[in-house]
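>>> got a structure for you, letters missing:
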């Protein structure tokens, strides 16, 4: 009887959810972190907005927290799957991202494009520094009301 139960089970369906919105995905895009629009989003989310306001009000603790937020997101080793609803927050080639997503789904999440991985390992130093400077020092400036 145990053998019948073992052999009679269906293979579990591979599922995924958006790494940002957590909504279930049937298909999606691969994410590349070299995106200023993405950092504007991250630095003005409800959980991070107070740090952004502090940063732009010249409080070192806000800048320090934004640096930690950047490091958290930029050090992710796996490619991200994001939903179609937020693809416009990223500066990516949508056709290429869709192609990568298809491969990711076919491999049940084991495929990773060459550009995936920690940003510091995938981008040249000048690009990484420019991206980090934007994310930590400038992202979200136009989206917050600052004290004058």
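Received the coordinates, thanks. Quick caveat, the model's predicted, so the values are computed rather than measured.

>>> Can you name the element that comes right after the lowest-mean-pLDDT helix or strand in the chain?
When the helices and strands of the chain are scored by mean pLDDT, DSSP states H and E, helix 2-8 comes last with a mean of 51. Where DSSP states H and E defines the elements, the next helix or strand beyond helix 2-8 is strand 16-17.

>>> Who does that next one pair with, and is each partner parallel or antiparallel?
Paired neighbours of strand 16-17 in the sheet (DSSP bridges): strand 24-25 (antiparallel).

>>> now the helices for this structure?
2-8, 36-42, 49-56, 60-74, 94-106, 119-122, 125-133 (DSSP state H).

>>> between those, which one is nearest to residue 14?
Residue 14 lies closest, by C-beta to C-beta, to one member of these: helix 94-106, at 7.5 Å. Bear in mind the C-beta positions are built from the backbone N, C-alpha and C, glycine included.

>>> If you count neighbours, what's buried in that closest one?
By neighbour count on 16 or more other C-beta atoms under 10 Å, the buried set for helix 94-106 is 97, 98, 100, 101, 104, 105.

>>> Show the secondary-structure elements that it is packed against.
strand 29-31 (3 or more C-beta pairs under 8 Å, 6 or more residues apart in numbering; DSSP states H and E).

>>> Give me the pLDDT for residue 11.
At residue 11, the model reports a pLDDT of 62.

>>> Export the helices of the chain to TSV and append columns for distance to residue 22.
Shown next, in TSV, are these (distance: least, C-beta to C-beta, whole Å):
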stretch	distance to residue 22
helix 2-8	33
helix 36-42	15
helix 49-56	19
helix 60-74	15
helix 94-106	17
helix 119-122	22
helix 125-133	25
